[in-house]
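[1] Predicted model follows, preceded by the sequence.
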Amino acid sequence: MKKLSLLFIALCLFVGFSSSAVFAKAIGVKGGYTMPKDDLKDYDDAWAFGVYFDMGTFLINSLDFRPSVDMFTLENPDTNMAVDVWGIHFDWYWHFLDKGSISPFLGFGPVLNYYDFDDDDTSDEDSDAGVDLFLGLDLKIGGTPLSLMIEGRYKFLDIAARDETAIQANLGVAYNF
C-alpha cells in the first residue's frame, strides 16, 4: 500500500508541475542495469525499469527538467535478503551542444529513495535522500514522434552515507507530444 501511496504522491507532483506554465513535452519508459558498489557490493547486479516525463526547458533553452520514477531490486545471495528500491527523481538535463537530432547531455538530480524489504513487516521500510549524476545522449528518430535516450548514472543512494553507491546504465524510449 505504501508503494501505491508513494507513486500517487509522485504523480501528483508531476501533475502540479504540468499545470503551470511548464507542460509535459514527452513521456518515456526506460530500462537498465544496476551495479551496486562500495558498501552494497555484496548485493547482486539488478535490472531496473522506470517512467520519465520531459517537462520542457527551464531558465535556459538547453536545460530540461525530467522527473521520473524507477525501481530495482537488490538481492544479497549470502543472506537471502532482498530489498526493492523505488526512486522518485527530479532530474536536470543540460544539453551542452544544443538540441538537435543527436543531443549529448550532462545532468544531476536529487532523489528520494524508498526501500521496501522482502518481508511483510512494515517496520522494515526506510527512505533516504540521494543524488544522481549522469551523462548520455538523446537521439531523435527521424520522421516519428519517438526518441531514444542512452544514459549512464552514478547513484548516491544515501547522501548521508556516501558509501552506498551504484552505477546504472539505461536505455529509454520517449513519445514526444
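    Done, it's in.

[2] If we ignore the residues flanking it in sequence, what's nearest F58?
    F65 (4.9 Å; C-beta to C-beta, 6 or more residues apart in numbering). In this view, the C-beta of every residue, glycine as well, is placed from N, C-alpha and C.

[3] List the beta-bridge partners for that neighbour.
    Beta-bridge pairing for F65 (DSSP bridges): W92.

[4] Now do it: how many residues are near it, please.
    18 (other C-beta atoms under 10 Å).

[5] My understanding was that it contacts M55; is that so?
    Yes - applying C-beta atoms under 8 Å, one finds F65 in contact with M55, separated by 4.5 Å.

[6] starting at the chain centroid, how far to stretch 141-158?
    Stretch 141-158 sits 10 Å away from the centroid of its parent chain (C-alpha atoms, centre = their mean, to the nearest Å).

[7] what does the average pLDDT come to for that stretch?
    Stretch 141-158 shows a mean pLDDT of 93.

[8] Low-confidence stretches in this structure?
    Where the chain drops to pLDDT under 70, the residues are 1-23, 119-124.

[9] can you pull the contacts of D44?
    P36, L74, E75, N76, P77 (C-beta atoms under 8 Å, 6 or more residues apart in numbering).

[10] before we move on, what SS does it have?
    coil (DSSP: H, G, I helix; E, B strand; the rest coil).

[11] Buried residues, stretch 101-119. List them.
    S103, F105, G107, G109, V111, L112, N113, Y114, Y115, D116 (16 or more other C-beta atoms under 10 Å).

[12] just to confirm, which helix or strand has the second one in it?
    For F105, the element it lies in under DSSP states H and E is strand 102-117.

[13] How far off centre is that strand?
    For strand 102-117, the distance to the chain centre is 4 Å (C-alpha atoms, centre = their mean).

[14] Can you tell me the strand partners of that strand and which way each runs?
    strand 81-94 (antiparallel), strand 125-140 (antiparallel).
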